[in-house]
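Give me a model of this one.
(one chain, ligands or ions: 3)
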Amino acid sequence: MRGTMSHRTHLYLLATTPSKLLNINLASRRFPAFHTSIAPIITNTISLFDLARIPSGNGSSETRDMSTAANASNTPMPIVHPTIQSIRSMRKSLNPAVSVGFVPTMGALHEGHLSLARAARSQNDVVVASIFVNPAQFLQGEDLDKYPRQLEKDVELLREVGVDHVFAPASDTMYRENHVTYVEPMGFDETREGSFRPGHFRGVATIVTKLFNIVQPTNAYFDAAQCVLIRRITDDLDMDVNINIMDTVREEDGLAMSSRNAYLTADERERAPVIYKALCAAREVFESRLARGLEEVTADDLRDVVNNVLQTESLIKEIQYIAVDDLEQMRPLETVGSEGCIISLACILGSVRLIDNIVLR
Ligand SMILES: Nc1ncnc2c1ncn2[C@@H]1O[C@H](COP(=O)(O)OP(=O)(O)OP(=O)(O)O)[C@@H](O)[C@H]1O
Ligand SMILES: CC(C)(CO)[C@@H](O)C(=O)[O-]
Ligand code: BAL
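Ligands and ions are numbered 1, 2, ... in the order given. Modelled structure (predicted):
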């Protein structure tokens, strides 16, 4: 990766005049073989491909037809931006009527991330994904150093779903010397996940705020695990971005896809679906009781159902929590009615900490 990266940067440095830059970009877009042989392109310049897709005067934009483009093997490589300056100048080059879909990730991409990217692709003119393993959301002693990193493979996966730009900054690009400002979502350290990972949500809120400030998306995409926090910060801080919450994508046996599943041994992986099985058992109880005319179910009952299923698996060494929270603020509920809830849990299976959740309504 490193060798080819310098080659690509060199290519762009050579293209100092706008006409040369235009030629290189258009050549690479038109003749994918040329592009992929040098791809992914790392740039500090604006992609003129985006300029070419600026909406015309009537505001209607040329959006890709993803039925063909995203699936085509010749979909162009995304432009990789390692600097804030580079992604910003791309963003500033876009006509205000262009919609920008944004998918923030920590990389080591799986089908869950790609489902968010596909949704962004189908609903926006330009799609940006970020890949940044955010140190501020890891606690001391957590897996920051061993967190899987595979930029080249990730960029290829994002190409396949038609992502246009990848923002992949280094740590010291996002947290420069003397960084002192953080976004503190009050009360989140008192949620069950927050109490096991104090400071984690502050790290997520800070990086998401920074990424939104940089990318200025029209739409951003997350799954339910993050939705309460993200909705809170965008609402509290008056951010002009639509938050789109997508379903959690699961393996065929129900295990929620997660970059950390790579830590599981074969035996642990085989047993891990018990987590989703436990959450589904709670859903069955909730739905059947409401169907029988009960107005609410107690959180204790739902927790007991989840706990009983988890207890059947001897590889589960510790159940850290089973939380039944409201969907607005992630505050604990005593009873759950038609307004629904989110049941979240964290447990240690073998040596790996796994989290999962299910939304009931
Ligand atoms: N299985 C999934 N289905 C849909 N979205 C997902 C899934 N897993 C993660 N996401 C979403 O992808 C975005 C980026 O998350 P992140 O890169 O931290 O992935 P992750 O797989 O959850 O990582 P980890 O293994 O650290 O928990 C978040 O909005 C997250 O909610
Ligand atoms: C949103 C995100 C990309 C922030 O780092 C992700 O890691 C998460 O879900 O916390
Ligand atoms: N999506 C979860 C990221 C984390 O555990 O830090």
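
Residue numbers of the stretch 251-361 of the chain in contact with ligand 2?
Within the stretch 251-361 of the chain, not a single residue sits near ligand 2 (Cβ under 6 Å from any ligand atom). The C-beta positions use only the backbone N, C-alpha and C, and glycine is treated the same way.

Can you read off the pLDDT for the closest residue to ligand 1 within the chain?
The minimum distance from the chain to ligand 1, using Cβ to the nearest ligand atom, falls at G112 (2.3 Å). Note on G112: pLDDT of 97.

I'd guessed it sits against S258; true?
Yes. The pair G112 and S258 qualifies as a contact (Cβ atoms under 8 Å) at a distance of 7.4 Å.

the longest helix in the chain is where?
helix 274-291 (DSSP state H).

next one: it to chain centre, how far?
What separates the centre of helix 274-291 from the centre of its chain is 27 Å, taken as Cα atoms, centre = their mean, to the nearest Å.

which strands and helices sit next to that helix?
Secondary structure elements in contact with helix 274-291, counted by 3 or more Cβ pairs under 8 Å, 6 or more residues apart in numbering; DSSP states H and E, are strand 297-298, helix 299-311, strand 341-349, strand 352-360.

Kindly reformat those as JSON lines containing mean neighbour count.
Converted to JSON lines, the helices and strands packed on helix 274-291 look like this (neighbours: other Cβ atoms under 10 Å):
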{"stretch": "strand 297-298", "mean neighbour count": "18"}
{"stretch": "helix 299-311", "mean neighbour count": "17"}
{"stretch": "strand 341-349", "mean neighbour count": "22"}
{"stretch": "strand 352-360", "mean neighbour count": "20"}
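
Dump those to a markdown table, plus mean pLDDT and distance to L264.
Output for the helices and strands packed on helix 274-291, formatted as a markdown table (pLDDT from 0 to 100; distance: least, Cβ to Cβ, whole Å):
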| stretch | mean pLDDT | distance to L264 |
| --- | --- | --- |
| strand 297-298 | 96 | 32 |
| helix 299-311 | 98 | 16 |
| strand 341-349 | 97 | 7 |
| strand 352-360 | 96 | 5 |
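
Quick one: name the residues of the stretch 101-250 of the chain near ligand 2.
Proximity of the stretch 101-250 of the chain to ligand 2, by Cβ under 6 Å from any ligand atom, involves residues P104, T105, M106, N134, Q137, V204, I207, V208, Q226.

Output the residues you listed as a markdown table; include the columns pLDDT.
What follows is those, written out as a markdown table (pLDDT from 0 to 100):
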| residue | pLDDT |
| --- | --- |
| P104 | 98 |
| T105 | 98 |
| M106 | 98 |
| N134 | 98 |
| Q137 | 98 |
| V204 | 98 |
| I207 | 98 |
| V208 | 98 |
| Q226 | 84 |
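
Go through these and name the one nearest D235.
When these are compared for distance to D235 (Cβ to Cβ), V208 wins out at 12.9 Å.

Checking the closest one next. Helix, strand or coil?
helix (DSSP: H, G, I helix; E, B strand; the rest coil).

Alongside ligand 1, which residues does the protein contribute?
105-106, 112-113, 115-116, 222-223, 225-226, 246, 248-249, 256-260.

let's see 5 Å
With Cβ under 5 Å from any ligand atom as the criterion, the chain meets ligand 1 at residues 105-106, 112, 222-223, 225-226, 248-249, 256-260.

was I right about E334 contacting V297?
No. Contact criterion Cβ under 8 Å: E334 and V297 do not qualify, at 10.5 Å.

any idea how far the residue of the chain closest to ligand 1 is from T234?
For G112, the distance to T234 equals 21 Å [Cβ to Cβ, to the nearest Å].

CA atoms of the longest helix of the chain as CSV?
In CSV, the C-alpha atoms belonging to helix 274-291 read as follows (Å, rounded to 0.1, in the frame of the first residue of the first chain):
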residue,chain,number,x,y,z
VAL,A,274,-26.9,-17.5,21.4
ILE,A,275,-26.8,-13.7,22.0
TYR,A,276,-29.3,-12.9,19.3
LYS,A,277,-31.4,-15.9,20.2
ALA,A,278,-31.7,-14.5,23.7
LEU,A,279,-32.8,-11.1,22.4
CYS,A,280,-35.3,-12.7,20.0
ALA,A,281,-36.8,-14.6,23.0
ALA,A,282,-37.5,-11.3,24.7
ARG,A,283,-39.1,-10.0,21.5
GLU,A,284,-41.4,-13.0,21.4
VAL,A,285,-42.5,-12.5,25.0
PHE,A,286,-43.1,-8.8,24.4
GLU,A,287,-45.1,-9.3,21.2
SER,A,288,-47.2,-12.2,22.5
ARG,A,289,-48.1,-10.3,25.7
LEU,A,290,-49.1,-7.2,23.8
ALA,A,291,-51.0,-9.3,21.3
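
buried ones in that helix?
Residues of helix 274-291 classed as buried: 274-279, 281-283, 285-286, 289-290 (neighbour count, 16 or more other Cβ atoms under 10 Å).

now those as CSV including distance to N213?
What follows is these, written out as CSV (distance: Cβ to Cβ, whole Å):
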residue, distance to N213
V274, 41
I275, 35
Y276, 36
K277, 41
A278, 39
L279, 35
A281, 42
A282, 38
R283, 38
V285, 43
F286, 39
R289, 45
L290, 42
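
Closest one to C347 out of those, please.
I275 (6.8 Å).
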